[in-house]
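> Sharing a model that was predicted from the sequence below.
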Amino acid sequence: MNVSTPTVAPEPFRSGAAPAAEPWHDYTPRTPRDFIAVRAATTDMDAWYAHVAPAAACSRPVRLVGHRLSIEAATGRLLSSVDTDRMPDGTIYKACGDRRTSVCPACAKVYQRDAYQLLRAGLVGGKGVPETVSAHPASFLTVTAPSFGPVHTRVVAKHTCAKRSRCDCRPNPCRARTGTNDPQTCKHGAPAVCFARHEPADLRLGRPLCLDCYDHEHHVVWNAFSGELWRRTKQKAERHLAKLAEDRGIPPVLIGWTDEDEPILVPPVRISHGKAAEYQRRGVVHFHALTRLDGVAKLDADAIVPPPAGFTYTDLDAALHAAVAHTAFNTPEHPDRTPEHPDRADGWPMAWGEQVDVRPVALTGTTVTDQMVAGYLAKYATKSTEVTGHRSVRITGETIADYANPDGDHIARLIEACWVLGRPQYTPVPMTERTIRRKATNLGQPWTCPDCGRRTRLTACLVCYPSRQAALDSKYHGGKPDSRNKYARLRRWAHMLGFGGHFLTKGHHYSVSFAVLRAARIDFHRAETNPEADPVVRTADHTDEETTLIVGALTFAGIGWHNTGDALLANTSAALARARREAARDELAHRAGSAVAAR
């Protein structure tokens with residue numbers, strides 16, 4: 001539970017000036033029970049509960065202070081004013097909205113439910129998607145990364161468990177080698193075999209058998225360019241389908257004209273997808289994708305229509321397998337090509353691993369159903385790097401020494417690889433020679449900074465280092481454009497082991513967007529709170545009419561509840577509300593089941 005730390009000396013409450021301070025009382029609260037007692041003793045307890053309700057379940061809400069003005073657009077006359085000073089606690093609480101379960105379970109649950117509705121609507125319709133999509137061929141595709149070195153694994157040849165998440169089946173030996181010619185050690189002297197039958201919670205799972213044999217640089221580069229690999233794979237699959245349509249005599253579809261009155265013709269079939277990324281224990285991402293076969297409507301490229309007659313799931317399956325097997329490219333040349341690293345000259349190869357799975361999606365039956373895959377992808381959309389054992393915020397030059405180590409464990413070497421490969425190309429001397437392995441405050445031999453000429457004994461120049469660290473992304477800083485380090489974003493995403501993409505993405509035509517779902521939820525809550533109120537009128541929709549302008553000036557005041565007592569009260573109230581909703585949902589499901597059975 002994340003809460004703000006109150007000031008040491010309590011003082012009279014002033015909103016904004018001391019957002020974490022507690023009002024003055026005869027005694028200083030010291031425990032959560034004391035804070036709850038102080039809050040319960042106030043006369044506005046009910047008002048406080050109503051005020052924090054929108055963010056009550058959030059573990060670390062955002063606190064905002066300021067005011068909101070209602071102004072008559074025609075005359076500029078002030079109609080009303082709302083100030084946070086007159087609100088409980090003097091702040092507005094807003095849920096953080098973080099998608100990660102490890103950061104805020106409540107907000108992640110909302111994100112997960114939105115993701116479920118978004119993904120399932122692309123299979124069965126609803127939420128603005130026509131219900132005819134339920135007849136389109138659809139598949140559930142899983143693609144993985146190649147091997148960068150042998151790691152400890154847990155493989156079960158035949159499952160007998162009822163639920164995979166609680167699997168207790170006996171696994172095969174991890175890396176058993178019994179042949180007389182099989183080497184028992186690698187070239188570094190580390191064991192190349194492992195006869196252990198790892199349990200699901202074994203910390204060795206995903207860790208390399210030999211850290212020196214494992215290609216950590218290729219690993220993080222694959223994470224960084226995996227999004228481009230997926231883009232090319234989908235493009236190749238659509239080209240396969242377009243060639244198939246051409247062979248079957250199905251002509252292209254006219255969707256419009258250019259400015260020169262030239263017709264725009266596109267293939268009559270396309271693939272729409274919703275994709276989720278998931279980390280494996282070794283720290284590399286793999287993708288699960290819902291793919292749907294669509295047609296193209298004449299003069300309406302955004303319409304969702306069935307594919308041409310004759311196209312089935314078999315065609316989609318063949319296109320995906322062909323695309324996964326034949327999509328490969330090399331990443332750009334890395335500027336740090338040295339005799340010690342000649343392999344960086346041609347970049348790193350990008351291709352999918354051997355484990356590829358394509359399954360048909362059905363609305364009913366015992367195969368993979370729409371509810372199963374939508375729930376599966378929505379669950380993993382709220383995950384991050386927790387499965388690898390690494391959790392951190394964005395890494396900077398001040399904190400890199402706490403995480404990166406070229407001689408450390410698997411995760412430390414992956415972060416080290418991100419930091420080394422992502423060094424700014426415009427830095428005269430690689431920063432790895434200055435601060436990557438030591439704290440910037442450590443003293444060494446005197447040296448002169450090549451950027452500003454400052455003489456110092458610190459391992460990093462305090463004048464140039466902070467400004468340089470703030471611009472480590474792929475921003476252009478002069479020189480030849482093609483000489484930039486195209487791997488610079490690896491530093492920005494070092495805390496994600498190089499992967500900087502979204503964990504849930506979708507094609508333009510697959511389904512509705514998160515913005516549409518969130519706007520619908522906001523309108524529903526507003527109507528539920530005040531049924532007699534007029535619907536929200538947005539100025540952008542009525543530019544030619546006289547409207548009322550809502551001008552807000554809200555300032556960030558902090559993150560988290562004022563104290564642990566408020567956090568306990570808010571989260572307990574939200575937990576009770578969630579329990580009531582779950583009980584009501586179970587009751588409705590029971591009644592629906594009873595009604596079906598009665599028929």
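Now that the structure is in, tell me what you want to look at. Numbering: from 1, shown residues only.
> Which residues are in contact with the spatially closest residue to Thr331 that is not a sequence neighbour?
Using CB to CB, 6 or more residues apart in numbering and skipping the chain neighbours, the partner closest in space to Thr331 is Gly347 (3.7 Å). Placement of C-beta: from N, CA and C, glycine included. The contact partners of Gly347, taken as CB atoms under 8 Å, 6 or more residues apart in numbering, are 221, 330-334.
> among those residues, which ones are buried?
By neighbour count, with 16 or more other CB atoms under 10 Å, the contacts of Gly347 hold 221, 331, 334 as buried.
> Which ones among these map onto helices?
Val221 (DSSP state H).
> Nearest to Ile92 among the buried ones among the contacts of Gly347?
Val221 (43.7 Å; CB to CB).
> tell me the mean pLDDT over the longest helix seen in the chain?
The single longest helix within the chain, with elements called by DSSP H, is helix 564-598. Helix 564-598 carries an average pLDDT of 74.
> starting at the chain centroid, how far to that helix?
Taking the mean of its C-alpha atoms, helix 564-598 sits 28 Å from the chain's own mean (CA atoms, centre = their mean, to the nearest Å).
> What of stretch 195-203?
Offset of stretch 195-203 from its chain centre (CA atoms, centre = their mean): 28 Å.
> cool, and stretch 275-288?
With CA atoms, centre = their mean, you get 11 Å for stretch 275-288.
> now swap in stretch 67-81 and tell me
Averaged over its C-alpha atoms, stretch 67-81 has a centre that lies 39 Å from its chain's centre (CA atoms, centre = their mean).
> can you give me the end-to-end distance of that stretch?
End-to-end distance of stretch 67-81 (CA to CA, to the nearest Å): 7 Å.
> Following the chain past the lowest-mean-pLDDT helix or strand in the chain, name the next helix or strand.
Least confident helix or strand, the chain: helix 465-469 with a mean of 47, by mean pLDDT, DSSP states H and E. Going down the chain from helix 465-469, the next helix or strand is helix 489-492, by DSSP states H and E.
> elements contacting that next one?
Here helix 489-492 touches helix 216-247, helix 410-421, going by 3 or more CB pairs under 8 Å, 6 or more residues apart in numbering; DSSP states H and E.
> Confirm that Pro64 lies within a strand, as I assumed.
Rather than Pro, residue 64 is Leu. Yes - under DSSP: H, G, I helix; E, B strand; the rest coil, Leu64 falls within a strand.
> Could you measure from it over to Asp586?
36 Å (CB to CB, to the nearest Å).
> Looking only at neighbour counts, state which of those two leads.
Neighbours per residue, other CB atoms under 10 Å: of Leu64 and Asp586, the larger number sits with Leu64, 18 against 10.
> I figured that one hits Thr91, correct?
Yes - Leu64 is within contact range of Thr91, at 6.3 Å (criterion: CB atoms under 8 Å).
> tell me, what's touching those two both at once?
With CB under 8 Å, 6+ apart, Leu64 and Thr91 have common neighbours 84, 557.
> Which stretches in the stretch 101-250 of the chain count as helices?
105-124, 216-247 (DSSP state H, counting those that start in this stretch).
> Can you name the residues that contact Ile250?
Contacts of Ile250 by CB under 8 Å, 6+ apart are 268-269, 308.
> Mind checking which of these are buried?
Buried among the contacts of Ile250 by 16+ other CB under 10 Å: 268-269, 308.
> Columns pLDDT, distance to Val420 and secondary structure on top of the residues you listed, output as TSV?
Listed next are the buried ones among the contacts of Ile250 as TSV, based on pLDDT from 0 to 100; distance: CB to CB, whole Å; DSSP: H, G, I helix; E, B strand; the rest coil:
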residue	pLDDT	distance to Val420	secondary structure
Pro268	95	48	coil
Val269	96	45	strand
Pro308	94	51	coil
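> In CSV, list these along with distance to Pro531.
Output for these, formatted as CSV (distance: CB to CB, whole Å):
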residue, distance to Pro531
Pro268, 48
Val269, 47
Pro308, 48
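> Out of the residues you listed, the closest to Ala157 would be?
Val269 (38.8 Å).
> quick one: that closest one and Ala309 touch, right?
No - counting by CB under 8 Å, Val269 does not reach Ala309; the two are 11.0 Å apart.
> Pull out the buried residues from stretch 200-209.
202, 204-209.
> first vs last residue of it, how far apart are they?
18 Å.
> ok, and what's touching it?
By CB under 8 Å, 6+ apart, stretch 200-209 touches 149-154, 167, 175, 186, 190-192, 194, 196, 198, 214, 280-283, 387-389, 409-410.
> What of stretch 574-586?
With CB under 8 Å, 6+ apart as the criterion, stretch 574-586 contacts 56-57, 106.
> And stretch 92-111, by the same measure?
By CB under 8 Å, 6+ apart, stretch 92-111 touches 51-52, 54-55, 57-65, 84, 381-384, 386, 391, 503, 554, 559, 574.
> What residues sit buried inside the strand or helix carrying Leu316?
Element membership for Leu316 (DSSP H and E) is helix 313-326. In terms of neighbour count (16+ other CB under 10 Å), helix 313-326 has its buried residues at 313, 315-317, 319-320, 322-324.
> and that helix, how far from the chain's centre?
27 Å.
> I'd like to know which elements that helix is packed against.
The contact analysis (3+ CB pairs under 8 Å, 6+ apart) places helix 313-326 against strand 138-143, helix 216-247, strand 285-297, strand 356-360.
> Rebuild these as TSV, extending it with distance to Asn181 and mean pLDDT.
TSV is the format used below for the helices and strands packed on helix 313-326 (distance: least, CB to CB, whole Å; pLDDT from 0 to 100):
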stretch	distance to Asn181	mean pLDDT
strand 138-143	33	95
helix 216-247	27	95
strand 285-297	32	94
strand 356-360	30	92
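> export the ones you listed to a markdown table and tack on distance to Gly126?
Shown next, in a markdown table, are the helices and strands packed on helix 313-326 (distance: least, CB to CB, whole Å):
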| stretch | distance to Gly126 |
| --- | --- |
| strand 138-143 | 15 |
| helix 216-247 | 24 |
| strand 285-297 | 14 |
| strand 356-360 | 21 |
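> Can you check which of the ones you listed gets nearest to Leu254?
Comparing those by CB to CB, strand 285-297 comes nearest, at 9.5 Å.
> Now do Lys109: how many residues are near it, please.
Using other CB under 10 Å, Lys109 is surrounded by 14 other residues.
> and the gap between it and Cys167?
Counting by CB to CB - Lys109 and Cys167 are separated by 25 Å.
> Residues in a beta bridge with the nearest residue to Ser226 once chain neighbours are set aside, which ones?
What sits nearest to Ser226 in space, not counting adjacent residues and going by CB to CB, 6+ apart, is Val285, at 5.9 Å. Listed beta-bridge partners, Val285: Tyr279 (assigned using DSSP bridges).
> hang on, isn't Val285 packed against Ala277?
Yes - using CB under 8 Å, Val285 is in contact with Ala277, at 4.7 Å.
> For these two, list the residues in contact with both.
226, 499.
> those strands in the stretch 51-200 of the chain, which residues are they?
Taking DSSP state E, counting those that start in this stretch as the test, the strands found in the stretch 51-200 of the chain are 62-72, 78-83, 92-94, 138-143.
> Show me the one of the helices and strands packed on helix 313-326 that comes nearest Met45.
Closest approach to Met45 among the helices and strands packed on helix 313-326 (CB to CB): strand 285-297, 46.3 Å.
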